[in-house]
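Visitor: coords please:
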Amino acid sequence: MTDHAGSCLCGGVAFEVDGPLRPPDACHCSTCRKQSGHHWASTNVDRARFRLIADRTLRWYAASDKVRRGFCGTCGCFLFWDPIEHPVIAIGMGAFDGPTGTHLEKHIFVSEQGDYYTLDDGLPRSPRF
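Guide: Numbers count the residues shown, from 1 in each chain. Predicted coordinates:
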């Protein structure tokens, strides 16, 4: 049974996740800000509960030798943060269709936060991860 589904804007990349989603975090690192245009909110999903349904336009950018970032090569949507050889993949919250049943849990990499916004939601903050 699929509990959550999502896709990129054009539908070239689509996915499903079985089970509930973990509370997301907002990453303020300079790489996430450059890739997404702002901070990036994502949830970590166990790979065993994640399925790609469509991947005809999925492209990967090797951000380092340990992490790759998945995006749609047609519409440009940033969808996945994939720590290679780890049991989880991070999925951008904006890619999910419909309600997720989650709430933002924390902010990470706030030491790299942009100077054009403030964090005043009272959530925990970490200078790094």
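
Visitor: only C-alpha atoms for contact and neighbour calcs from this point on.
Guide: Fine.

Visitor: Give me the pLDDT for residue 54.
Guide: In this prediction, residue 54 carries a pLDDT score of 98.

Visitor: One more: residue 1?
Guide: On the pLDDT scale, residue 1 gets 62.

Visitor: Identify the residues contacting stretch 94-107?
Guide: Stretch 94-107 has contacts (C-alpha atoms under 8 Å, 6 or more residues apart in numbering) with 4-8, 20-28, 41, 79, 123-126.

Visitor: Now the buried members of those residues.
Guide: Applying 16 or more other C-alpha atoms under 10 Å to the contacts of stretch 94-107, the neighbour count classes 4-8, 21-28, 41, 79, 125 as buried.

Visitor: between those residues, which is closest to residue 59?
Guide: Of all those, residue 79 has the smallest distance to residue 59: 10.1 Å, by C-alpha to C-alpha.

Visitor: Pull the distance from the helix or strand where the closest one lies to the chain's centre.
Guide: Using DSSP states H and E, residue 79 sits in strand 78-83. Centre-to-centre, strand 78-83 and its host chain are 6 Å apart (C-alpha atoms, centre = their mean, to the nearest Å).

Visitor: and the next element down the chain from it?
Guide: That would be, after strand 78-83 and using DSSP H and E, strand 88-92.
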